[in-house]
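Participant: Just need the structure, nothing else, for what follows:
(one chain, ligands or ions: 1)
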Amino acid sequence: MTIKVRIPVQLIIEHKAIPHLYKTEVYEWIKEKKVALVSGNGKTRAVTHDIVEVISGQASRIQVMSCENNSLDTINELERMVLEDPPDIIFGVGGGKALDVSKVVGTRSNVPVVLFPTAISSDAICSPVAVIKMLNKSTSIGVKMPQGVVIDLDLLASSPPRLMSAGIGDLLSNKSALFDWRLAHAAGKEEMNTFANLMANNAVDSFLNLINRPEVDSSRMIKGAAESLIMSGIAMSIAGSSRPCSGSEHLISHALDYHCGGKALHGEQVALGVLFSEYLQGQREQVEKLGPIYEKLGLPAHYEDLGYTREEMHRAIRKAPSMRNRYTILNEFELTDESIDQILDEVYPEQAKNRYQLTGSSSG
Ligand SMILES: [Zn+2]
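Facilitator: Below you'll find the model as predicted:
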């Protein structure tokens, strides 16, 4: 049996990708077509203007819309505007929320979407999943894959380093997520797609190999992170769910969002969760190896660095298994207050604190 997998037709990861957009296939797609741009409200609006400047002679109509947040109300409003006179294509421009909103509006109005990430803070830059806010809670929903992704490496180089670190945190979670997936498969709870498994695993390995090379510069690292996050998104498309890239570490992050005020970026919280999950999974050597990698990549290795207290970590770990109907390592342990305390001490030791500077803006 074979399956149909949706992947972007065009993947452009280059320096000056936006000013040179006129040289690409994406530019051909919009010839005498109606284009709607959806961006965030902050700095990404300036990027939207740059794109408009490049495409103004090519498209028959350009509509610029912005979204303040990823709430259902915002999405409904944008969808209403889109359906009044549907565009032929939507360009989603932003760091995270605007990409998610574009994907949802494109899916619901049946208009193809091209994403222009202005930062790589998560694997949302090319995935069949979008996070939206409903009743003040973040929820992941399935969406169509983007038809194209345009990544301007110069733009990413000027984005806050904190956002890229968060994106790498989201990437590193593939390892613990894949462990959980294999566990769920062995327990007879879920189908396994070995190809998606392989792809999500290789996405992380290729990035880790890259950062271990002595000669790698920041530009190559940004490109490597973008490529690996895209591979992760495609692994999700193959699997038909976020399973290859989302396991117990994501459940911990979701619980931090729902029950402890969501004080940090998704990828930062996930990176924190990876340490806990891999410890429970018996991958203690791996947890030790991650310490220096986190330091090098600017990722938090202690929950207090993200503003969480020990009590909040207890709450998040207790609530995590109920965040989603997804079998993970958390289902295989009866964690007591004492055992959680002991693991917190081992996974997040005192010396891991304060290695991390909470700087940079949040995504939008
Ligand atoms: Zn994620």
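
Participant: can we go C-alpha only for contacts and neighbour counts from here?
Facilitator: Noted.

Participant: now the residue sitting nearest the centre point of the chain: how far from residue 42?
Facilitator: Centroid-nearest residue in the chain, with C-alpha atoms, centre = their mean: residue 122, separated by 2.2 Å. Note on residue 122: its distance to residue 42, by C-alpha to C-alpha, to the nearest Å, is 18 Å.

Participant: Same question for residue 144.
Facilitator: Remark: distance between residue 144 and residue 42 (C-alpha to C-alpha) = 26 Å.

Participant: of those two, who's got more company?
Facilitator: Taking other C-alpha atoms under 10 Å, residue 144 and residue 42 do not tie; residue 144 has more neighbours (21 against 14).

Participant: got the contact list for residue 229?
Facilitator: Residue 229 is in contact with 122-123, 125-126, 167, 171, 203, counting by C-alpha atoms under 8 Å, 6 or more residues apart in numbering.

Participant: Of those residues, which belong to helices?
Facilitator: Among these, the residues falling in helices (DSSP state H) are 167, 171, 203.

Participant: Now flag whichever of those is closest to residue 180.
Facilitator: Residue 180 has its nearest neighbour among the ones in helices among the contacts of residue 229 in residue 171, at 15.3 Å by C-alpha to C-alpha.

Participant: right, and that closest one touches residue 204 too?
Facilitator: Yes. Between residue 171 and residue 204 a contact is recorded at 6.3 Å, counting by C-alpha atoms under 8 Å.

Participant: Once you drop chain neighbours, what's closest to the residue nearest to the centre of the chain?
Facilitator: By the measure of C-alpha to C-alpha, 6 or more residues apart in numbering, the closest residue to residue 122 outside its immediate chain neighbours is residue 167, 4.1 Å from it.

Participant: just the strands in the stretch 51-200 of the chain please.
Facilitator: 61-66, 89-94, 113-117, 129-134, 137-142, 148-152 (DSSP state E, counting those that start in this stretch).

Participant: Now stretch 137-146: buried residues?
Facilitator: Applying a neighbour-count criterion of 16 or more other C-alpha atoms under 10 Å, one finds 138, 142-146 buried in stretch 137-146.

Participant: And for stretch 268-284?
Facilitator: Within stretch 268-284, the residues that count as buried by 16+ other C-alpha under 10 Å are 268-281, 284.

Participant: sorry, back to before: hey, least reliable of the strands of the stretch 51-200 of the chain by pLDDT?
Facilitator: Mean pLDDT per stretch puts strand 137-142 lowest among the strands of the stretch 51-200 of the chain, at a mean of 86.

Participant: List of residues touching it?
Facilitator: Contacts of strand 137-142 (C-alpha under 8 Å, 6+ apart): 128-133, 241, 258.

Participant: so what strands line up beside that strand?
Facilitator: Here strand 137-142 has these sheet partners by DSSP bridges: strand 129-134 (antiparallel).

Participant: Show me the helices in the protein, by range?
Facilitator: Taking DSSP H as the test, the helices found in the chain are 25-29, 44-55, 72-84, 97-109, 153-157, 161-186, 194-211, 218-239, 248-259, 266-280, 284-297, 310-319, 337-347.

Participant: Mind checking the ones you listed for the one nearest to residue 18?
Facilitator: With distances scored as C-alpha to C-alpha, the stretch of the helices of the chain nearest to residue 18 is helix 44-55 (6.4 Å).

Participant: Return the set of buried residues in stretch 154-163.
Facilitator: Neighbour-count burial for stretch 154-163, with 16+ other C-alpha under 10 Å as criterion, is recorded at 154-157, 159-163.

Participant: now what about stretch 263-277, what contacts it?
Facilitator: Residues from elsewhere that reach stretch 263-277 (C-alpha under 8 Å, 6+ apart): 121-122, 165-170, 172-173, 176, 248-250, 252-253, 256-257, 287, 290, 299-303, 306-308, 329, 343-344, 347, 362-363.

Participant: Swap in 6 Å and give it another go.
Facilitator: 166-167, 169-170, 173, 249-250, 252-253, 287, 306 (C-alpha atoms under 6 Å, 6 or more residues apart in numbering).

Participant: Which of the residues you listed ranks first by neighbour count?
Facilitator: Busiest of the contacts of stretch 263-277 [other C-alpha under 10 Å] is residue 249, holding 32 neighbours.

Participant: Alright, calling it a day.
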